[in-house]
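Enquirer: Please work out how this folds:
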Amino acid sequence: MDRRRFFKAGLALGASALVGPLVNRGRLSLAAGLPDISTHALDLVNSSVVLDMLGLFTLSWGRLARWQREPASIDSRHLRWLKAAGVTVYHHAVELNHPQPYQAALRSFARWNELLSGQPCFLTRVDSLASVLRLSQTGEVGVILGLQNSTHLRSVADVALFFGLGQRVSQLTYDETNRLGSGCRAGRDRGLTRFGSEVVTEMNRVGMAIDVSHCGDRTSLDAALLSRRPVLATHTNCRALVPHQPRCKPDEVIRGIAAGGGVIGVTLVRNLVAASAPSLDDVLDHFVHVARLVGVEHVGLGSDVSLDAVDPVSGRPLPSYDIAGLHPAIRVYQLTDGLLRRGFGKRDIELILGGNFLRALAWIWPDKPLPPLADPWLERRDPFCPPVPLGGI
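Expert: Predicted structure coming up:
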């Protein structure tokens, strides 16, 4: 089955019934109530390695907990929907917000590894460049394990401990101050602390990616200057376009991240896109701004949204993600369509969709995967793994 038919069949399981296949002028009607997609965009996405560097499996934490306890409970419909969304690799990271972050992080990674080992035919843990590239042969959905705060690190030695559990990305701070530095909403940004500097150095040594998405400006710049490897802002936007939003990065920080080979992931959170009434064009403006400021090699996607970020009754995106002209389930295809309209070429769009983050991660990560999980990690695509199921619900 070709990639276009796979996309249509998978999307139909998460949206309403399919309507006619090809429509005029090279556009594809995918599902009732969703915008058409150009066949150019569809083919470009489906031939690319797409990394959503803050792509969530679901916004229902109860559902995720059930999947992690009982991996067989994640139904094939959702798995097909994840695949059909056009994302090759999801980085599902959250802020644990727990009074005992170390213990909570241990449980979180154990549960993720349980889910991944329990769905070996559909999901794979991404912990090296090789494991990303292998996805094009296996057809599985990749998952990068990370956290949106580093409060779980009690000591520098814990960096290697959590790396050994599969963690490949760690955001230094969330919105407020912690032992490592200051968040973007802290009253005063004092920059990286001594402990934070030691953690950055150790993350460089073991090969864990440094994320500064929620960090304050000074803390972000300190990390970018100190790090010997690229620093990432996996999910943020441009403060030049949303001036009063501390979660967005000013040009100075974007330049600092880019100078070290880092990448800015553009997010689809409504209040980070525009001050009011954001549209798909406003999202595209952030991609354009970064590309013009530091080069197209330093911008990527970090949507901070899940496929189920819609109201179950109306079918409209939830308020935090309600951006005119953009639907969570087909966001990658709509963004690609928009980038084509803005004049980006094929190679530039391939970089934005995943090539830039892949390049940075290849520089950061040592190219040696972790030992196998419970299942034969490197030999799972065998007769015991059925083809990805399509068909009806």
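
Enquirer: low-scoring pLDDT stretches of the protein, where are they?
Expert: Low-confidence segments of the chain, defined by pLDDT under 70: 1-25, 29-32, 369-393.

Enquirer: Just the strands from it, written as ranges.
Expert: 22-23, 27-28, 37-38, 51-52, 55-56, 89-92, 123-125, 141-147, 167-171, 209-211, 231-236, 263-266, 299-301, 305-306 (DSSP state E).

Enquirer: Out of those strands, which is closest to residue 217?
Expert: strand 231-236 (11.3 Å; C-beta to C-beta). Yep, even glycine has a C-beta here, placed from its N, CA and C like the rest.

Enquirer: returning to what we had before: let's have the strands of the chain in TSV, adding distance to residue 356 and mean neighbour count.
Expert: Below are those laid out as TSV (distance: least, C-beta to C-beta, whole Å; neighbours: other C-beta atoms under 10 Å):
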stretch	distance to residue 356	mean neighbour count
strand 22-23	32	12
strand 27-28	27	18
strand 37-38	23	21
strand 51-52	9	30
strand 55-56	15	25
strand 89-92	13	23
strand 123-125	22	23
strand 141-147	15	23
strand 167-171	15	24
strand 209-211	13	29
strand 231-236	10	31
strand 263-266	5	29
strand 299-301	5	28
strand 305-306	19	24
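
Enquirer: contacting residues for the residue lying closest to residue 280 once chain neighbours are set aside?
Expert: Nearest non-adjacent residue to residue 280, counting by C-beta to C-beta, 6 or more residues apart in numbering: residue 325, 3.7 Å away. With contact taken as C-beta atoms under 8 Å, 6 or more residues apart in numbering, residue 325 is in contact with 35, 279-281, 334.

Enquirer: Equivalent analysis for residue 223, please.
Expert: 172, 181, 192, 196, 200, 210, 212, 215, 231.

Enquirer: out of those, which are buried?
Expert: 172, 181, 192, 196, 200, 210, 212, 215, 231 (16 or more other C-beta atoms under 10 Å).

Enquirer: Just give me the closest of the residues you listed to residue 144.
Expert: After measuring these against residue 144 - C-beta to C-beta - the closest member comes out as residue 210, at 13.9 Å.

Enquirer: Wait, the closest one touches residue 170, no?
Expert: Yes: between residue 210 and residue 170 there is a contact at 7.1 Å, judged by C-beta atoms under 8 Å.

Enquirer: Mind listing the shared neighbours of those two?
Expert: With C-beta under 8 Å, 6+ apart as the test, residue 210 and residue 170 both reach residue 203.

Enquirer: Compute the distance between residue 90 and residue 118, please.
Expert: 17 Å (C-beta to C-beta, to the nearest Å).

Enquirer: and if you look at residue 45?
Expert: Relative to residue 118, and taking C-beta to C-beta, residue 45 is found at 28 Å.

Enquirer: Those two: which has the busier surroundings?
Expert: residue 45 (26 against 19; other C-beta atoms under 10 Å).

Enquirer: ok, now which ones touch the more buried one?
Expert: 86, 332-333, 336, 353 are the contacts of residue 45 under C-beta under 8 Å, 6+ apart.

Enquirer: Could you pull out the helices in the stretch 101-250 of the chain for me?
Expert: Along the stretch 101-250 of the chain, the stretches classed as helices by DSSP state H, counting those that start in this stretch are 101-118, 129-133, 135-138, 157-164, 194-206, 217-226.

Enquirer: Alpha carbons of the shortest one, as CSV, please.
Expert: Pointing back at helix 135-138 there. Provided in CSV are the C-alpha atoms of helix 135-138 (Å, rounded to 0.1, in the frame of the first residue of the first chain):
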residue,chain,number,x,y,z
LEU,A,135,12.7,3.6,11.4
SER,A,136,12.6,4.1,7.6
GLN,A,137,13.0,0.3,7.2
THR,A,138,10.8,-0.9,10.1
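
Enquirer: Tell me how far it lies from the chain's centre.
Expert: Centroid displacement of helix 135-138 relative to its chain, using C-alpha atoms, centre = their mean, to the nearest Å, is 19 Å.
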